[in-house]
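Asker: have a look at this fold, sequence not included:
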């Protein structure tokens, strides 16, 4: 599951990031509202954890902009404001849940899973690039009418690439995504990309998985 944390308090952001990575989530962090909005527009997330009080663009304003732009990702609002009127304002701006500070990590985690379950019940999460489709919820990959079977790590790698369609994903980000803090050589990534290409692009005129030399990889239909 891909999560964005928008939080200007460095200590809280690091605490949340480390805890969520330990739970095997993919985590991006933005330190202000403008950066958060840019990441939301550029990437696909399963959950957004959004602080209310942010520099440049408040969490409330960011939430309103996201909803006006048909970004329906579940948003969990964090705030030191605990008054019932503040909670109502946060939920009315488009947030799906509201958690006052201070909070326990276990409660945060429970709310994340609840939002994820709610979203999964609403619809399957399907990623598409050209005639390649990936039903993330059911772990089903198809290229045209051909069903493609992948290993667990290959599913994770393909999801990361497709979530960043058209944008380069660095070797470092791939390594962190697949193995967290473990040390893995670049050659392992090259081998994985090789096998994924054989399954995704084999016998296809249009090659979707591309190498950005010395930097990383991307998937695109251009």
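Answerer: Arrived safely. Nothing here was measured: the structure is a model prediction, and the numbers come from that model.
Asker: dihedrals phi and psi, residue 146?
Answerer: Note on residue 146: backbone dihedrals following degrees, to the nearest 10 are phi -90, psi 120.
Asker: count the residues that sit near it.
Answerer: 14 (other C-beta atoms under 10 Å). Quick note: C-beta positions are derived from backbone N, CA and C, even for glycine.
Asker: quick one, what contacts it?
Answerer: Under the criterion of C-beta atoms under 8 Å, 6 or more residues apart in numbering, residue 146 has no neighbours.
Asker: in three-state terms, label residue 150 for me.
Answerer: Under DSSP: H, G, I helix; E, B strand; the rest coil, the three-state class of residue 150 is coil.
Asker: show me where this protein has strands.
Answerer: Here the chain has its strands, by DSSP state E, at 2-6, 26-30, 47-51, 75-79, 97-100, 126-129, 132-135, 140-143, 146-148, 169-170, 209-212, 216-219.
Asker: how far off centre is the second one?
Answerer: Remark: strand 26-30 is offset 8 Å from the chain centroid, using C-alpha atoms, centre = their mean, to the nearest Å.
Asker: need the strands of the chain in a markdown table (columns: mean pLDDT and distance to residue 203).
Answerer: Output for the strands of the chain, formatted as a markdown table (pLDDT from 0 to 100; distance: least, C-beta to C-beta, whole Å):
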| stretch | mean pLDDT | distance to residue 203 |
| --- | --- | --- |
| strand 2-6 | 95 | 30 |
| strand 26-30 | 94 | 31 |
| strand 47-51 | 95 | 37 |
| strand 75-79 | 92 | 42 |
| strand 97-100 | 89 | 46 |
| strand 126-129 | 92 | 17 |
| strand 132-135 | 94 | 13 |
| strand 140-143 | 94 | 9 |
| strand 146-148 | 94 | 9 |
| strand 169-170 | 92 | 25 |
| strand 209-212 | 95 | 14 |
| strand 216-219 | 95 | 18 |
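Asker: among these, which is the most enclosed?
Answerer: Counting by mean count of other C-beta atoms under 10 Å, strand 47-51 has the highest mean neighbour count of the strands of the chain, with a mean of 26.
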